[in-house]
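*Asks:* A predicted structure for the sequence below; I have some questions about it.
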Amino acid sequence: MNKNLIIIPTYNEALNIKNLIIKIFKFQKKIDVLFIDDNSPDGTSNIIKNIQIKKKNIFLIKRKKKIKKKKLKKKIYFYSKEKKN
């Protein structure tokens, strides 16, 4: 995992997600991107999973339901620590 991590929450972004990823990596190639998808019914997380096959610095947390911010922050922290090691 790179030192820099961008965290992006998503919900129903299937039409935009590919362009967003392209723009991020045009700006900075050595960066990790963590998407947190709130169980989008439009297939956003499936698109991210397909892109993950080629780009190893894209990560996804798919939430089945919304959780409290404090719990989410803790989950992100431990997720980033786990991927760093």
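*Replies:* In hand now; what should we look at? Numbering: from 1, shown residues only.
*Asks:* Which helix or strand contains the residue positioned nearest the centre of the chain?
*Replies:* Compute the mean C-alpha point of the chain, and by CA atoms, centre = their mean the closest residue is residue 35, 1.5 Å away. Taking DSSP states H and E as the definition, residue 35 sits inside strand 32-37.
*Asks:* elements contacting that strand?
*Replies:* Packing partners of strand 32-37 (3 or more CB pairs under 8 Å, 6 or more residues apart in numbering; DSSP states H and E): strand 5-10, helix 17-27, helix 44-54, strand 58-62, helix 69-84. Backbone N, C-alpha and C define where each C-beta goes, glycine included.
*Asks:* partners of the first one, with directions?
*Replies:* The sheet places strand 5-10 alongside strand 32-37 (parallel), with pairing taken from DSSP bridges.
*Asks:* Only C-alpha atoms, please: export the strand it pairs with in CSV.
*Replies:* C-alpha atoms of strand 32-37 as CSV (Å, rounded to 0.1, in the frame of the first residue of the first chain):
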residue,chain,number,x,y,z
ASP,A,32,-4.1,4.1,-3.3
VAL,A,33,-7.8,4.6,-3.5
LEU,A,34,-10.3,3.1,-1.1
PHE,A,35,-13.9,3.2,-2.2
ILE,A,36,-16.6,2.7,0.5
ASP,A,37,-19.8,1.7,-1.3
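*Asks:* So what's the model's average confidence on it?
*Replies:* The average pLDDT within strand 32-37 is 92.
*Asks:* relative to helix 17-27, how tilted is it?
*Replies:* 160 degrees (axes from the mean of the first three to the mean of the last three CA atoms, to 10 degrees).
*Asks:* let's number from 202 now, not from 1
*Replies:* With 202 as the first residue, the last one maps to strand 233-238.
*Asks:* For strand 233-238, what is the distance to the chain centroid?
*Replies:* 1 Å (CA atoms, centre = their mean, to the nearest Å).
*Asks:* I would like the residues contacting that strand, please.
*Replies:* Outside strand 233-238, the residues that touch it by CB atoms under 8 Å, 6 or more residues apart in numbering are 202-203, 205-212, 218, 222, 225, 245-246, 249, 258-264, 273, 277, 280-281, 284.
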